[in-house]
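S.K.: okay, here's the prediction I keep looking at, along with the sequence it came from:
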Amino acid sequence: MQELWVCNLGLVPFADALTLQLRLREARQADEIPDTVLLLEHPAVYTRGRRSTPEELPLGEAFYAAQGIEIVDVDRGGRVTYHGPGQLVGYPIMRIGDIIGYLRTMERAIVAALGQEGIEAQGEGQRPTGVWTAGAKIASIGVHVSRRVTTHGFAVNAENDLEPFEWIIPCGLEGVRITSIAHETGRARNLVGFRARMAQEFAVAFERDAMAVSPERLMAVLAAPVAG
């Protein structure tokens, strides 16, 4: 079974996480590292995918700046979404073949992890890409693929503030209801446990052998000279 590195990074500014993803993508394309998934949180930020339109941020940039929310344009698929503390973000840096199969497998992993929280959820193309429960969206997915290696990934609302979703048209879906694990279960402070379950189910879904890697080891590998 192929190895999957899993690295928990904690709270990371979006720009720093993106820079790290690009460095890891180069290393994965060169086969210097195995498939890797970064698990982290972001300070408050709206990210706009390639298909985003100005109407999805209807209140104007001055309003969002006053709320302390950054706005960043990214090269992933999908439209605008929100990231903030208490939300679990996963960035898989993986070599893939079929992009649709990759998306569906990621959805299955999220559904399985939510099932361990007692939440019955659905993905697998039954709605727009992402994961839903009781008619509400609980997880978003948006990816980019370069030379068969992925960046960006998924975000699952665990215990984050949901109000910032009300200030946008999330994922370009008018009137969509956004929910979280905390809202659905009534349990707070569940991010740490859910992060472990998400890592486990992600590895199972992709038939990988998960191995925890510290941020220090990951950075040391990236800093090492290339042999040859």
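M.R.: Yes, it's here. Everything numeric here is computed off the predicted structure, so don't read it as measured data.
S.K.: stretch 74-83: which residues count as buried?
M.R.: 74, 76-83 (16 or more other CB atoms under 10 Å). For glycine as for every other residue, the C-beta is placed from the backbone atoms N, C-alpha and C.
S.K.: err, stretch 176-196, not the other one
M.R.: 176, 178-184, 190-191, 194-196.
S.K.: please apply the same query to stretch 34-45.
M.R.: For stretch 34-45, by 16+ other CB under 10 Å, it's 34-42, 44-45.
S.K.: and for stretch 42-60?
M.R.: 42, 44-49, 52, 56-57.
S.K.: quick check: bridge partners of the residue nearest the centre of the chain?
M.R.: Residue closest to the average C-alpha location in the chain (CA atoms, centre = their mean): F154, at 2.5 Å. Counting by DSSP bridges, F154 forms beta bridges with G90, I141.
S.K.: who's in contact with it?
M.R.: Residues near F154 by CB atoms under 8 Å, 6 or more residues apart in numbering: 89-90, 106, 110, 139-141.
S.K.: between those, which has the most around it?
M.R.: Ranked by the number of neighbours (other CB atoms under 10 Å), these place A139 first, at 29 neighbours.
S.K.: what about the buried residues of stretch 42-60, which are in strands?
M.R.: 45-48 (DSSP state E).
S.K.: of those, which one scores lowest on pLDDT?
M.R.: Model confidence across these bottoms out at R48, which has 85.
S.K.: so what's that residue up against?
M.R.: Contacts of R48 (CB under 8 Å, 6+ apart): 56-57, 71-74, 79-80.
S.K.: just the pLDDT for R51.
M.R.: 77.
S.K.: for it, which non-adjacent residue is closest in space?
M.R.: R79 (5.2 Å; CB to CB, 6 or more residues apart in numbering).
S.K.: got it, and L114?
M.R.: A121 is the one closest to L114 (CB to CB, 6+ apart), at 4.5 Å.
S.K.: and the gap between that neighbour and M198?
M.R.: 13 Å (CB to CB, to the nearest Å).
S.K.: between these two, tell me which one has more neighbours.
M.R.: M198 (26 against 23).
S.K.: my guess is that one meets G90, correct?
M.R.: Yes - counting by CB atoms under 8 Å, G90 is a contact partner of M198 at 6.8 Å.
S.K.: can you pull the contacts of the residue nearest to L114?
M.R.: Counting by CB under 8 Å, 6+ apart, the residues that A121 touches are 110-111, 114-115, 131-133, 138-139.
S.K.: let's see 7 Å
M.R.: 111, 114, 131-133, 138 (CB atoms under 7 Å, 6 or more residues apart in numbering).
S.K.: rebuild the residues you listed as CSV, extending it with secondary structure and pLDDT.
M.R.: Below are the contacts of A121 laid out as CSV (DSSP: H, G, I helix; E, B strand; the rest coil; pLDDT from 0 to 100):
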residue, secondary structure, pLDDT
V111, helix, 97
L114, helix, 97
V131, strand, 95
W132, strand, 94
T133, strand, 95
I138, strand, 96
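S.K.: and the residue nearest to the centre of the chain, how close does it get to T129?
M.R.: Applying CB to CB to F154 and T129 gives a distance of 10 Å.
S.K.: which residues do those two both contact?
M.R.: Common neighbours of F154 and T129 (CB under 7 Å, 6+ apart) are I141.
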